[in-house]
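>>> can you look at this prediction? I've put the sequence above it.
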Amino acid sequence: MNTILTGDLFLQAKETVATDTIKFNFTFDNLKTLTGEAVENNFVFTPGQFVSLGFTETAWRAYSIASTPEEQTIELMIRIVPGGIGSEALNAAKLGDKFPFKGPFGHFQLSSTPDAHLVFCATGTGIAPFRAMIKTEAAQSHPRKMTLLYGGKNADDLAYLEEANSWSDHLTVKLGLSRDPDLKIPENLKCDAAHCRITTLLEPFNKDEKVEFYLCGNGAMVKSVQEILAEKGFEKNAIFMERFN
Ligand SMILES: Cc1cc2nc3c(=O)[nH]c(=O)nc-3n(C[C@H](O)[C@H](O)[C@H](O)COP(=O)(O)OP(=O)(O)OC[C@H]3O[C@@H](n4cnc5c(N)ncnc54)[C@H](O)[C@@H]3O)c2cc1C
């Protein structure tokens, strides 16, 4: 269990990387325990966990950490929701701006099941924790087989699309583009793309394989994927999820 700390995040870089989606990089400082004791400036978290950022005294929002612990920066991938308290504040943020934060929180993390095929299912910014998880698995001495099923309306919706190709040699990327029958994706990408929803990409998996599913994104997607996996006979203990709403 990682110790929950409070501190400040300082904005170092900000880049629009997909439709309504901004990548933020922060450094952290002024770390303290919840009882107010100052601690060394080392933020320990497990890939898959999230931080909570404060925008007003009562408005705190959760964001999955996309960076790995080794990167010693906090990278967040955030969809800007018009009128949203956190969204508006982050959209307007300038380099050097400071946000109070708490964390790490959450139990969404990689299993240690030997030889399991790890299948990550993401829509939208649900990709964020998978960057940290996949890169961490890739750095193990014997990385497990990994597949990323990634859905959006079209390729412009998908953050990390090009970067995902370099996360691991053990990773296969499959895209479900629900509103792009022409499947327009950058030419250099090594991935399969189909004109479908992410749920269709589950068809090849069957319960006789040793597969674990990691689901992250909006509640509707997570629920649909969960229902399909239950119909296919996958056990609940092979399904891990993080819902954003
Ligand atoms: C564990 C966890 C991890 C999360 N990680 C991420 C992450 O990595 N990246 C990320 O972008 N978000 C993430 N979220 C969602 C995030 O915490 C906020 O809920 C979201 O960014 C909206 O906050 P806001 O303050 O901008 O909008 P609010 O002020 O909370 O909401 C404004 C309006 O927008 C609506 N709304 C809220 N969310 C959405 C949405 N997703 N789509 C459409 N309308 C919406 C609300 O119903 C409300 O009407 C995560 C949530 C959880 C619980």
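Thanks, I have the structure now.

>>> tell me which residue in this protein sits closest to the ligand.
Gly84 (2.2 Å; CB to the nearest ligand atom). All C-beta spots, glycine's among them, are computed from the backbone N, C-alpha and C.

>>> which residue of the protein sits farthest from its center?
Distance from the centre of the chain peaks at Glu37, with 30.4 Å (CA atoms, centre = their mean).

>>> and the helix or strand that Ile228 is a member of, what does it pack onto?
For Ile228, the element it lies in under DSSP states H and E is helix 219-231. Under the contact criterion of 3 or more CB pairs under 8 Å, 6 or more residues apart in numbering; DSSP states H and E, helix 219-231 touches strand 117-123, strand 211-217, strand 239-243.

>>> so is that helix next to the ligand?
No. Using CB under 6 Å from any ligand atom, helix 219-231 never reaches the ligand; the gap is at least 9.3 Å.

>>> quick one: mean pLDDT over that helix.
If you average the pLDDT over helix 219-231, you get 97.

>>> tell me what angle it forms with strand 211-217.
Here helix 219-231 runs at an angle of 160 degrees relative to strand 211-217 (axes from the mean of the first three to the mean of the last three CA atoms, to 10 degrees).

>>> just the buried residues of helix 219-231, please?
Met221, Val222, Ser224, Val225, Gln226, Ile228, Leu229 (16 or more other CB atoms under 10 Å).

>>> turn those into JSON lines, columns for distance to Thr147.
Below are these laid out as JSON lines (distance: CB to CB, whole Å):
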{"residue": "Met221", "distance to Thr147": "17"}
{"residue": "Val222", "distance to Thr147": "17"}
{"residue": "Ser224", "distance to Thr147": "18"}
{"residue": "Val225", "distance to Thr147": "13"}
{"residue": "Gln226", "distance to Thr147": "17"}
{"residue": "Ile228", "distance to Thr147": "15"}
{"residue": "Leu229", "distance to Thr147": "14"}
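
>>> thank you, goodbye.
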